[in-house]
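Colleague: Just the structure for this:
(2 chains)
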Amino acid sequence: MGLGADQFLQSSLIHMYSSFGGMGSAKVLFDEMPERNVVVWTALVNGYSKLGELEMARRLFDEMPEKDVIAWSAMVSGYVQEERFKEGLSIFNEMQVEGVTANESVLVSVLSACSHLGALDLGRWVHLYVERRFGHELSVNLGTALVDMYAKCGVLSASLQVFQGLPCKNVLSWNAMMGGFALYGHGRGALGLFSNMLRMGLRPDEVTFLGLLGAFSHGGMVNEGRIYFEGMTKIFSISPRLQHYACMVDILARAGLLEEATELIQSMPIEPDACVWGALVAGCRVHGNVALGTSIGEKLLEFEPGCAGRYVLLSNIYALAGRWDDARHVRVLMKEKGVDTRPGWSSIEVDGLVHEFVVGDKRHPYTGEIYRKLEEMGMRLAMAGYNVDTKNVLYDMDEEDKEVQLSYHSEKLAIAFGLIFTDSGTPIRVVKNLRVCSDCHLATKMLSKIYAREIIVRDSKRFHHFTDGQERRESPSVIRQLATLMEGLKKGVTHQMDLHDGPPNETIHASVFHSLADPTSNLNVPPSLETVWMRLSFDGVCSCSASNVRAEKG
DNA sequence: TGGATTTAGT
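Modeller: Model prediction:
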């Protein structure tokens, strides 16, 4: 339906108000319009959904006299951006029932939902659908969404494969792949990827460095962490944000360098948050420095009594020190002040349906079966010599109660569900929004042997792969693929750009960083062409091509 | 003509 000139103007105004969140004005204009087409409706729906007012957006959406794929897309992405992934998928489902053909935007949002939920089956289905509809040449957006989806759903090899095949990659594509390496703790892979990214002429951003540092932290690469954390500011002019500091503190504290970590926090130009302190406290716990941990936790609470993370942190430290009364007191205090905590949940996808569980959950229609399975799991674990690791329960309740509470942790419920409702021999993939506790970690490891199942748990920070009673850090097929990928990229780029006369390695890379950070410094390694190219590109000529470099050389 | 899109994480 075409609108007249006046209405076209109104429609543009509605869009303008919507995109700035001025929904009051947008709605007034909308109500005044004598006739509205799908474009105006969508602008309004999108305005509400961008503000997080999804109930309002949904009401309008349901009232729409006609909906095209863009309207559906606005609604799906609205849910996805508010982290209401299941609802986003259910809207997508409705869209298909209505017979509306999906396009790239919707599919990207759907893949994002799959990534967050760990919904691999649905993600795979979207991949097949994309190939059928758009052929094998993936667009950069869909490609990136697929790279991210496979990485977050536990299939790093598929992620790499899609990434390699992408005809066009942007910073988001590289960042998604980098994030994948971080999830699996592939420090070296991340480094190689970073190096190749630079040589492809892309400028890393703050997300790139989050991935890089995250990969270092899980891979225990302290020196690399220091070098790249410094290089981030000095070479790329990216100021570290809280998360970067948290990563760096984590790298140092994990390695037991608690003093250096403390100094880093003290030198921060921005106020450290609970994540930053939390990384230090986690280090204190691993390296047994309870005194430092407790003193930090107490100070934190004084400074910011409204922040949930800080109560949990302090409570955890008291529990670690065995100070149960104090731990409980903090929890009570938190409740009294009405501070919200994020509830823990685990999900598992079976036959395209995502099932979610919280601790002690009894809402599922198959609750009876699930709890019978849990009982069986407990018995078989006990027979295999498993001792419940009760230090994860923070209160000083009876040991028996602790065991009960632990055995109903959400990931155990999800695993029980998976054991019942998936075919024997197939992997069980569980997603948890928080970190897996050490008791569940051990139990899951043993369950993988007892039930002869590969169990893959994705928690808020990384993947845990359990096979035959072992946690598998790196899969051989991924390592092989990684080597091929790096080799391929290296060859291609070296050939095309004549940049490097030998394989890049960490030493050269570190030197390049140092030389750029301090041009007057004497290097052990003479400045390579790569250095020259990096200087060129980061002096603001990011798109400098091979011919520029050759000109510089000549 | 116009309205929808992904990485991290607040």
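
Colleague: hmm, stretch A:65-79 touching DNA strand B?
Modeller: Yes: Stretch A:65-79 is in contact with DNA strand B by C-beta under 7 Å from any atom of the strand, via A:68-71, A:73-74, A:77. (Glycine included, C-beta is placed from N, CA and C.)

Colleague: same deal with stretch A:447-465?
Modeller: No: under the criterion of C-beta under 7 Å from any atom of the strand, DNA strand B is not reached by stretch A:447-465; the shortest gap measures 7.6 Å.

Colleague: Next to DNA strand B, which bits of the stretch 51-200 of chain A? Give me the list.
Modeller: So far as C-beta under 7 Å from any atom of the strand goes, the stretch 51-200 of chain A lies against DNA strand B at A:68-71, A:73-74, A:77, A:80-81, A:103-106, A:108-109, A:112, A:115, A:140-142, A:144-145, A:148, A:152, A:171-172, A:175-176, A:179.

Colleague: of those, buried ones?
Modeller: A:71, A:73-74, A:77, A:80, A:104-106, A:108-109, A:112, A:115, A:141-142, A:144-145, A:148, A:152, A:171-172, A:175-176, A:179 (16 or more other C-beta atoms under 10 Å).

Colleague: which residues does the closest residue to DNA strand B within the stretch 201-350 of chain A contact?
Modeller: Going by C-beta to the nearest atom of the strand, DNA strand B is nearest to A:Val207 of the stretch 201-350 of chain A, at 3.5 Å. For A:Val207, the contact set (C-beta atoms under 8 Å, 6 or more residues apart in numbering) comprises A:171, A:175, A:178-179.

Colleague: let's see it at 10 Å
Modeller: Neighbouring residues of A:Val207 by C-beta atoms under 10 Å, 6 or more residues apart in numbering: A:171-172, A:174-176, A:178-179, A:238, A:243.

Colleague: How far does the helix or strand hosting it sit from its chain's centre?
Modeller: Using DSSP states H and E, A:Val207 sits within helix A:206-219. Between the centre of helix A:206-219 and the centre of its chain there are 11 Å (C-alpha atoms, centre = their mean, to the nearest Å).

Colleague: Now do the buried residues in the next helix or strand after it.
Modeller: Elements were assigned by DSSP H and E; along the chain past helix A:206-219, the next helix or strand is helix A:222-234. Using 16+ other C-beta under 10 Å as the test for burial, helix A:222-234 gives A:222, A:224-229, A:231-232.

Colleague: what would those look like in a markdown table with pLDDT and distance to DNA strand B?
Modeller: Converted to a markdown table, those look like this (pLDDT from 0 to 100; distance: C-beta to the nearest atom of the strand, whole Å):
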| residue | pLDDT | distance to DNA strand B |
| --- | --- | --- |
| A:Val222 | 95 | 19 |
| A:Glu224 | 94 | 18 |
| A:Gly225 | 95 | 15 |
| A:Arg226 | 95 | 20 |
| A:Ile227 | 94 | 21 |
| A:Tyr228 | 95 | 16 |
| A:Phe229 | 95 | 15 |
| A:Gly231 | 92 | 19 |
| A:Met232 | 93 | 14 |
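
Colleague: And those, which is closest to A:Gly360?
Modeller: A:Gly225 (39.0 Å; C-beta to C-beta).

Colleague: need the contact list for the closest one.
Modeller: So A:Gly225 contacts A:187, A:212-213, A:215-217, A:219, A:247-248, A:250-252, A:254-255 (C-beta under 10 Å, 6+ apart).

Colleague: same check, this time on A:Glu53
Modeller: A:21, A:23, A:47, A:59, A:78, A:82.

Colleague: Am I right that A:Val430 is in contact with A:Ile455?
Modeller: Yes: here A:Val430 reaches A:Ile455: they are 7.2 Å apart, a contact under C-beta atoms under 10 Å.

Colleague: So the two - more neighbours on which side?
Modeller: Using other C-beta atoms under 10 Å, the more surrounded residue of A:Val430 and A:Ile455 is A:Val430, with 28 against 23.

Colleague: If I look at the more buried one, what pLDDT would I see?
Modeller: We have a pLDDT of 95 for A:Val430.

Colleague: swap in A:His464?
Modeller: At A:His464, pLDDT is 89.

Colleague: what number of residues lie near it?
Modeller: For A:His464, using other C-beta under 10 Å, the count is 22.

Colleague: Surely it is in a helix?
Modeller: No: when classified by DSSP: H, G, I helix; E, B strand; the rest coil, A:His464 is found to be strand rather than part of a helix.

Colleague: dump the residue contacts of it.
Modeller: Counting by C-beta under 10 Å, 6+ apart, A:His464 touches A:154, A:411, A:430, A:432, A:436, A:440-441, A:444-445, A:455-458, A:471-473.

Colleague: let's go with 6 Å and repeat that
Modeller: Residues in contact with A:His464, defined by C-beta atoms under 6 Å, 6 or more residues apart in numbering, are A:Val457.

Colleague: Kindly state the beta-bridge partners for it.
Modeller: A:Val457 (DSSP bridges).

Colleague: And it, how far from DNA strand B?
Modeller: 17 Å (C-beta to the nearest atom of the strand, to the nearest Å).

Colleague: just to revisit the earlier point, the helix holding A:Val207: which residues count as buried?
Modeller: Residues of helix A:206-219 classed as buried: A:207-219 (neighbour count, 16+ other C-beta under 10 Å).

Colleague: which residue ranges form the strands in the stretch 351-500 of chain A?
Modeller: Ranges of strands in the stretch 351-500 of chain A, per DSSP state E, counting those that start in this stretch, are A:353-358, A:428-432, A:455-458, A:463-467, A:470-472.

Colleague: Low-confidence stretches in chain A?
Modeller: A:1-2, A:341, A:389-405, A:473-554 (pLDDT under 70).

Colleague: Now with 80, please.
Modeller: For chain A, the stretches with pLDDT under 80 are A:1-4, A:285, A:288, A:299-310, A:312-314, A:316-317, A:319-321, A:338-343, A:388-407, A:472-554.

Colleague: Can you say which helix or strand has A:Val100 in it?
Modeller: Applying DSSP H and E, one finds A:Val100 in no helix or strand.

Colleague: could you list every residue that touches it?
Modeller: A:69, A:72.

Colleague: Likewise for the one 5 residues further on?
Modeller: With contacts defined as C-beta under 6 Å, 6+ apart, A:Ser105 is in contact with A:Ser73.

Colleague: mind checking how far the host helix or strand of it is from the chain centre?
Modeller: Taking DSSP H and E as the criterion, A:Ser105 maps to helix A:104-117. Relative to the chain's own centre, helix A:104-117 is displaced by 14 Å; criterion: C-alpha atoms, centre = their mean.
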